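Q: return a 3D structure for these sequence lines:
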Amino acid sequence: MSIASLQNDMKNYASQNSDVVFEKVRDGYYFVKAFGNVGVVETDEGIVVIDSTLSTAQAEGILSKIRAVTNQPIKYLIYTHGHGDHVGGARVFKNEGAQIIAQRNVIARLERYKELNNYHYIINERQFATSFQMSNLWDEVLFPDIVYDQEYVITLGGKTFHLIHGKGETDDATVIHIPEDDVVFTGDFIIRSFPNVGNPAKDIRFAKEWALMMEKIRSLQPKITFPGHGPYINNPKIFDAHTTAIKESMEFVQERVVSGLNDGKSLEEILEGAKLPSHLEESPYLAQFYGCLDFAIRGTYRRYTGWYDGNPTNLYPEKSRTVAAEINSLIANEEKILNRANELIQINKHRLALYLLDIIIESEGKLCKEAQNVKAEIVAHLSEVDENYMRKNIYHNASNVILKESN
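A: Model prediction:
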């Protein structure tokens, strides 16, 4: 997985492209690499589909590939969790007669998405730098027919589907183990990136439990592992290296935050100097192009703390525009602020320059429009040079918004 492959997957979704690569991994097992991967298990009594990808168009493409190899009925659709890229195409398989199975917390997640539909449209547009046509997705999303709490077992055509609940990127995650064939479907517990445990705009994720779940997955010692994103794994050395890296990275984040909090440190102090051990920093399985260490520490800190950061200035804060106006009145020279911002740009301190520009923008100063234009240029530059997919897209979206507001 890479930024380029993520962007390509998003383009396919946005264009409602129904073309999919349907790969036979071994007898009875098929793999579809999409924006959210899909697994297909064929048994003597019917088909089990693992996740449904984001769009009905791609789900229909998957169904056509299934029908090219078998006419067996589709008995079950299992959600590994309730994110849109895993549940969005469910209706296609439901129309074929599938019963939907998920961990119980999926219900609360889908209800929340329906309630906050427009908000999720906004934050997903920022995160993925595309216009998400999801207004109908959460209105029409399918809730599970069968829910479970900790473990659940179904048998079909001589295969046992052992569903195991865990927490990681979500609190409603399911891992599916098929012991007869030593196959595991992990959902987003395994992706080809640093774990997404601190999304800037989304709900709490679970570093500690993610590490514990990796131990459980490792204990299964599967011959084939199907992840939620990225290529499937059929090499035991890769499986061992990949799962160990995920486990140790989550343990590192958890320990860094917990020990910092117990020492009375602020978030800024915990972040300062935070660096993965070299063997994790260099791991090909922990590339920080989607999730990243900074996000993970911030997200885990947020999990254990309230909104008060320990600085009494922020306990009952003044409006940002009031503070900016006061600072602007003391400086009484907006040209000087703009000039200094441009000097900072020249020495590659773009993020620091943004703070100065906000003094003019927030206080609606005389040079507000000029400051907005410079800010838009900085944010556009950050979007171009940043190597993290989420930061890149958030900067890109923000640049467009700033330019629109300045005109």
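Q: where along the stretch 201-350 of the chain do the strands fall?
A: 224-227 (DSSP state E, counting those that start in this stretch).
Q: same check, this time on the stretch 1-150 of the chain
A: Using DSSP E, counting those that start in this stretch, strands in the stretch 1-150 of the chain cover 22-26, 29-32, 38-43, 46-50, 74-78, 99-103, 146-148.
Q: check which residues of the last one are buried.
A: Going back to what we said before, that points to strand 146-148. Buried positions in strand 146-148, judged by neighbour count with 16 or more other Cβ atoms under 10 Å: 147, 148. Glycine gets a C-beta too; all of them are placed from N, C-alpha and C.
Q: which helices and strands does that strand pack with?
A: Packing contacts for strand 146-148, counted by 3 or more Cβ pairs under 8 Å, 6 or more residues apart in numbering; DSSP states H and E, involve strand 99-103.
Q: reformat the strands of the stretch 1-150 of the chain into JSON lines and put distance to residue 138 next to each item.
A: JSON lines is the format used below for those (distance: least, Cβ to Cβ, whole Å):
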{"stretch": "strand 22-26", "distance to residue 138": "28"}
{"stretch": "strand 29-32", "distance to residue 138": "23"}
{"stretch": "strand 38-43", "distance to residue 138": "20"}
{"stretch": "strand 46-50", "distance to residue 138": "21"}
{"stretch": "strand 74-78", "distance to residue 138": "18"}
{"stretch": "strand 99-103", "distance to residue 138": "16"}
{"stretch": "strand 146-148", "distance to residue 138": "19"}
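Q: which one, of those strands, ends up nearest to residue 296?
A: Residue 296 sits nearest to strand 99-103 of all the strands of the stretch 1-150 of the chain, at 23.0 Å, using Cβ to Cβ.
Q: hmm, who's touching that closest one?
A: 75-79, 81-82, 90, 94, 142-149, 152, 154, 163, 165, 172-174 (Cβ atoms under 8 Å, 6 or more residues apart in numbering).
Q: could you point out the longest helix in the chain?
A: Scanning the chain for the helix with the most residues, using DSSP state H, yields helix 236-262.
Q: rounded mean pLDDT for that one, please.
A: The pLDDT scores in helix 236-262 average 98.
Q: and that helix, which residues are buried?
A: So helix 236-262, judged by 16+ other Cβ under 10 Å, has buried residues 239, 242-254, 256-258, 260-261.
Q: please apply the same query to stretch 298-311.
A: 298, 299, 300, 301, 302, 303.
Q: got it, and stretch 65-80?
A: 65, 66, 74, 75, 76, 77, 78, 79, 80.
Q: now the fifth one: closest residue in space that isn't a chain neighbour?
A: Ranked by Cβ to Cβ, 6 or more residues apart in numbering and with sequence neighbours excluded, the top spatial neighbour of residue 76 is residue 48, at 4.7 Å.
Q: then the first one?
A: Nearest residue to residue 65 in three dimensions, chain neighbours excluded: residue 22, at 3.6 Å (Cβ to Cβ, 6+ apart).
Q: same question, the last one
A: Using Cβ to Cβ, 6+ apart and skipping residues adjacent in sequence, the residue nearest residue 80 is residue 187, 2.9 Å away.
Q: state the pLDDT value of the one you found.
A: 97.
Q: got the phi and psi for it?
A: Here is the backbone geometry of residue 187 (degrees, to the nearest 10): phi 60, psi -150.
Q: what's around it, how many residues?
A: For residue 187, the count of nearby residues is 30 (other Cβ atoms under 10 Å).
Q: quick one on the thing from earlier: nearest to residue 385 among the buried residues of stretch 298-311?
A: Using Cβ to Cβ, residue 298 is the member of the buried residues of stretch 298-311 that lies nearest residue 385, at 21.0 Å.
Q: give me every residue that touches the closest one.
A: Here residue 298 is in contact with 198, 200, 267, 271 (Cβ under 8 Å, 6+ apart).
Q: got a winner among these for most neighbours?
A: Top of these by neighbour count (other Cβ under 10 Å): residue 198, with 25 neighbours.
Q: for it, which non-adjacent residue is closest in space?
A: residue 299 (2.6 Å).
Q: surely that neighbour and residue 194 touch.
A: No - in this structure residue 299 lies outside contact range of residue 194 using Cβ atoms under 8 Å: 11.9 Å.
Q: thinking again about what came up before, closest to residue 207 out of the contacts of residue 298?
A: Closest approach to residue 207 among those (Cβ to Cβ): residue 198, at 8.5 Å.
Q: wait, a helix at the closest one?
A: No - Residue 198 is assigned coil when assessed by DSSP: H, G, I helix; E, B strand; the rest coil, not a helix.
Q: residues in contact with it?
A: Residue 198 touches 205, 291, 292, 294, 295, 296, 297, 298, 299, 300, 302, counting by Cβ under 8 Å, 6+ apart.
Q: redo those residues as a markdown table? Include distance to residue 336 and pLDDT.
A: Shown next, in a markdown table, are the contacts of residue 198 (distance: Cβ to Cβ, whole Å; pLDDT from 0 to 100):
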| residue | distance to residue 336 | pLDDT |
| --- | --- | --- |
| 205 | 43 | 95 |
| 291 | 40 | 94 |
| 292 | 35 | 96 |
| 294 | 32 | 97 |
| 295 | 35 | 97 |
| 296 | 39 | 97 |
| 297 | 36 | 98 |
| 298 | 33 | 97 |
| 299 | 38 | 97 |
| 300 | 40 | 98 |
| 302 | 37 | 96 |
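Q: in helices, which of these appear?
A: The members of those that map onto helices under DSSP H are 294, 295, 296, 297, 298, 299, 300, 302.
Q: would you mind listing the buried residues in stretch 268-278?
A: 270, 271, 274, 276.
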